[in-house]
Each structure stands twice: as C-alpha cells, then as structure tokens.
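K.L.:
turn this into a structure:
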Amino acid sequence: MARSRRAARILVVDDDPGLLRLLTIRLRSQKYEVEPAPNAADALAAVTRFRPDLVVTDLRMAQMDGIALLKELQRRWPSLNVIMLTAHGTIPDAVRATQSGAFAFLTKPVEKEQLLEEVRRALRTSGFSDAEGDDWRAEFATRSPLLEDRLDKVHRVAGTDAAVFITGETGTGKEMLARAIHRASPRREAELVTLECGPLEAATGEAAASSEAALNRVLDEARGGTVLLRELDAMPLALQTRLAKRLEGSDVRVIATLDRRVDGPGVSTGPGVAPAAQDDTLGDTARLSPELLDRLGPVTVEMPPLSHRREDIPLLVQQCLDDVAAETGQAKRTCSPEAMELLAAARWPGNVRQLRMVVRQAATTGAGAVITPEQIEEAQGQTSQLPSFDEARDEFTRRYLVQLLQITEGNVSQAARLAKRNRTDFYKLLSRHGIEPEEFKR
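P.N.:
Residues are numbered from 1 along each chain as shown. From the prediction side, this is the model:
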C-alpha cells in the first residue's frame, strides 16, 4: 500500500544556541522536519535515530569541527549531503570544505532564501521526493544499522544504470528492495517488469522456444525502464548467455534476485558496497553465465536475515498491524508485551515475510483488542489439540507445505530448498496432499 507523504528530514548542527534556534525556525517554517544538535557528537548519535535526508552544519565547532563531522558522515552514510556554514568565509575554508565533499559552502550570516535554495538543491540531488507514494524506502520499517547500511548503499547505486544483484534468504525483502531501487532511479516513471526465471527452459523444442519468447517479451516491455529477474540463478546457463546478447544495446536496467551469494570474476561490489563473504555452500549451484556477468558487471547487495536485525521486529509488527487496520477498516489491534516477546524470540526461517504472515493471521482471526501469546502460537500452527499420529503427521505435512509456499509465494524451487528436498520429491508431496503452487503466486 502507498505510504503517506513525509517532509524532508534535516539535521542542523551548530554550537551557537542562538543560530541553531534561528536555523531550526527557518527550516521548520518551510514544513521540513528538523532535528537540532549542539555539537558533532550529538549529531552522529542523532543520525541513526532521525535518519536525515540532509545535514546543515557549522564549520568551526569545539572538539569535533565540521570537516571532521563531514568525514565521519561520509564514512558511515556516504550518500548523505552536507551543507557547511561558517562565519569565517575565507577561500581556504571554502576549498577545504568542498574538497572534503561538502555539497555547498555558505557564509554566515546566511540569507534565508540562499539557505532554502541550497537546501532544495541538495534534496533534489539526493533523490528525495515528498510526492505521495514516492518515498523510495517507505516500505522499510527499520532501526537496524545493518539494514540502514544496505539502504544507504543501494540508494547511491539507484541513481545510476548499474545492474544490481540482490541476494539473501527467502522472505528477507529482496523484491521489496528491487522495487525501492526502481523508485529511487531516474527510470521510476517507466515500467518495472518482472520475469520469474525458475520455470524457464533452454534445451530444445517448444518449451525452450516459449522460454526465449517470454524473455524477449519482457525485455521489450521493460524498454526505458527496469526488468526484475526473479531467481536469476535458476535460469538455465544457455538462456543466460542469450540474455547477455539480447541486452547488448538495449535500454533496460537489470535488477535480479538470487537465492545465494555470488562472488567472483565479473561481479562488482560497486562504490561503497562491501563484497559478500564467500559462502562455502555455493559450489556448482551458483549457476551464472560468465557472459552475462561480463555484460552486466553487477553490484551485489545482500539482504540481512531477520535474525540479524531482531531490533526491527516491534517496528515490523506495528507496520503490519497498521496495514491490516487500513485494509479492513477495523480498529487497529495491539500486541501484548508477552506476545511481542514471543515474536521477538521466535526463529523465523521465512524471515520478514513469515513474521508478517503470522501477525496478519493473528490480527485478522483473533478476538479482542489485544493480541495474546496464545493467538500468536495458534497463528504459528502451535495448537494444543492431540489428533492421532497419522492425522497429526498428515496435517503437519500439509500445513508445512502450505507455509513454505506462502513464504516463497508459490516458488517451488525455493520451497524445496527450504525443506531440503529435491524438486521431484517436493512435487510428489504437493500432489499427494492436493496442493497447487499456482494458488500461492501473487
């Protein structure tokens, strides 16, 4: 669902209380959300919590000056624009600030309109937009420094046409990140066209011809925009090679999701994007065409699992409850502290998608204004009824298969991998229990 528009967030740093108050008033009068900080140390502490779109800071400050603050901001949040202010408007100061990467350099006393014009210019350059539904990262509810780091880095890449490979466990939000990259890109007015790579075949005959036709059709539809290749590592190598040739000279930006990390020749981590650690489980299963890698030179980004960002669970729960209330028109339910503790401590092999599924089920089927631990346990399938052994085994198997397909949105390859079964055996299980994967695709 579309999120409501928000004002740009500006962090203002100055050790002069009077000027700090004046700058805050001027910017708030323009409907910006402003966080004042009296020194650089407080400013650095505020960035993670406040997540500013822009920093306006004094150059001359005690302990840590504006240049030192700028360098630390660039190290941690390299895409964050910084406007520098000083009462000592000398040429060396200006050169030093701009060479260090300051977006703009203004001398005090700063004219109001000059300040506001530089602020507007800096926000445009950073890709910020206050248009409704156009906040590129609005779907992400997070206070995790790890995820913030990923979002910061992809935002810098989003402004280019670089191909992006997004890896990570199922349910971590790989496709949500792909949509966010497209929204933050210059191609956001054009289409984001999705292709499911798992079912494609590349041998010979009618199936192969149909797969190549589907690939060509998607690339034609995405011209001028972005193509999202879901589960690219499941696409046959021969078809990947043909894709590389088809992309030559095409006006299409490529974003791909992969189930496993990918490192090696032809894979770039891009500016400021750390390479993923080598995964010993890759082996021969990381099937990517060298021709395609050479053609794309992709930037790789790994989405962290929910187990590495548990501090986000309360935010994700509240976000889900907000969504359910908006969709149903009913009063928003809340989680009891005990229910929230249960959610925070649970293992989430399906990550954020599984968490949202459990919370949504508890919120829509349970009674009362407050969600209880028992309702959470029931939503997780942990009931206390005691059927016969055979009934329990069959019911568990069916619910387990359904849960896997819900988590993977009908992707049989991903579901089989989560179950640690081969695809043939997994299809037999689905057939035995009368489950159709197509019913779970969105």
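K.L.:
quick one: low-confidence parts of the protein?
P.N.:
The chain contains residues with pLDDT under 70 at 1-6, 88-91, 93-94, 97, 126-134, 201-208, 260-286, 382-392, 442.
K.L.:
disregarding residues adjacent in the polypeptide, which is nearest to the most centrally placed residue in it?
P.N.:
In the chain, the centroid-proximal residue (C-alpha atoms, centre = their mean) is Leu177; its distance is 3.4 Å. Using C-beta to C-beta, 6 or more residues apart in numbering and skipping residues adjacent in sequence, the residue nearest Leu177 is Ile166, 5.5 Å away. C-betas here are computed from N, CA, C, even on glycine.
K.L.:
swap in Arg423?
P.N.:
Per C-beta to C-beta, 6+ apart, closest to Arg423 is Ala416, 4.9 Å.
K.L.:
return the distance of the host helix or strand of Ala213 from the chain's centre.
P.N.:
Taking DSSP states H and E as the definition, Ala213 sits inside helix 206-221. Between the centre of helix 206-221 and the centre of its chain there are 29 Å (C-alpha atoms, centre = their mean, to the nearest Å).
K.L.:
before we move on, what about stretch 399-412?
P.N.:
22 Å.
K.L.:
list the buried residues for that stretch?
P.N.:
Neighbour counts over stretch 399-412 (16 or more other C-beta atoms under 10 Å) mark Leu401, Val402, Gln403, Leu404, Leu405, Gln406, Ile407, Thr408, Glu409, Gly410, Asn411, Val412 as buried.
K.L.:
how many neighbouring residues does Thr425 have?
P.N.:
Residue 425: Asp, not Thr. Other residues within reach of Asp425, judged by other C-beta atoms under 10 Å, total 11.
K.L.:
okay, and it sits in which element?
P.N.:
helix 423-432.
K.L.:
not counting sequence-adjacent ones, nearest residue to Leu237?
P.N.:
Nearest non-adjacent residue to Leu237, counting by C-beta to C-beta, 6+ apart: Ser289, 5.2 Å away.
K.L.:
and for Gly101?
P.N.:
Closest residue to Gly101 apart from its sequence neighbours, by C-beta to C-beta, 6+ apart: Gln74 at 5.6 Å.
K.L.:
how far away is that neighbour from Glu311?
P.N.:
Per C-beta to C-beta, to the nearest Å, Gln74 is found 25 Å from Glu311.
K.L.:
over to Glu327?
P.N.:
26 Å.
K.L.:
between these two, who's got more neighbours?
P.N.:
Glu311 (14 against 11).
K.L.:
and that one, how far from Ala68?
P.N.:
Distance, Glu311 to Ala68, by C-beta to C-beta: 28 Å.
K.L.:
tell me the secondary structure for Arg96?
P.N.:
helix (DSSP: H, G, I helix; E, B strand; the rest coil).
K.L.:
pretty sure it sits against Ala68.
P.N.:
No. Arg96 is beyond contact range of Ala68, at 11.6 Å (criterion: C-beta atoms under 8 Å).
K.L.:
which of these two has more neighbours?
P.N.:
Legend: neighbour count by other C-beta under 10 Å for Arg96 and Ala68, higher for Arg96 (16 against 13).
K.L.:
which residue, other than its chain neighbours, is closest to the more buried one?
P.N.:
In space, Arg96 is closest to Ile67, 6.4 Å off (C-beta to C-beta, 6+ apart).
K.L.:
would you confirm that Arg156 contacts Trp77?
P.N.:
No. With contact defined as C-beta under 8 Å, Arg156 does not count as touching Trp77 (10.0 Å).
K.L.:
neighbour-wise, which of those two wins?
P.N.:
Set side by side, Arg156 and Trp77 give different neighbour counts by other C-beta under 10 Å, the larger being at Trp77 (22 against 19).
K.L.:
how deep is Arg49 tucked in, by neighbour count?
P.N.:
For Arg49, the neighbour count with other C-beta under 10 Å is 9.
K.L.:
quick one: it from Glu35, how far?
P.N.:
In this view, Arg49 and Glu35 are 9 Å apart by C-beta to C-beta.
K.L.:
same thing with Phe440?
P.N.:
Distance from Phe440 to Glu35, by C-beta to C-beta: 43 Å.
K.L.:
next one: Asp251
P.N.:
41 Å.
K.L.:
can you give me the offset of the helix or strand harbouring Ala415 from its chain's centre?
P.N.:
Using DSSP H and E, Ala415 sits within helix 412-419. How far helix 412-419 lies from its chain's middle: 23 Å, per C-alpha atoms, centre = their mean.
K.L.:
could you list the buried residues of it?
P.N.:
For helix 412-419, the neighbour count (16+ other C-beta under 10 Å) marks Val412, Ser413, Gln414, Ala415, Ala416, Arg417, Leu418 as buried.
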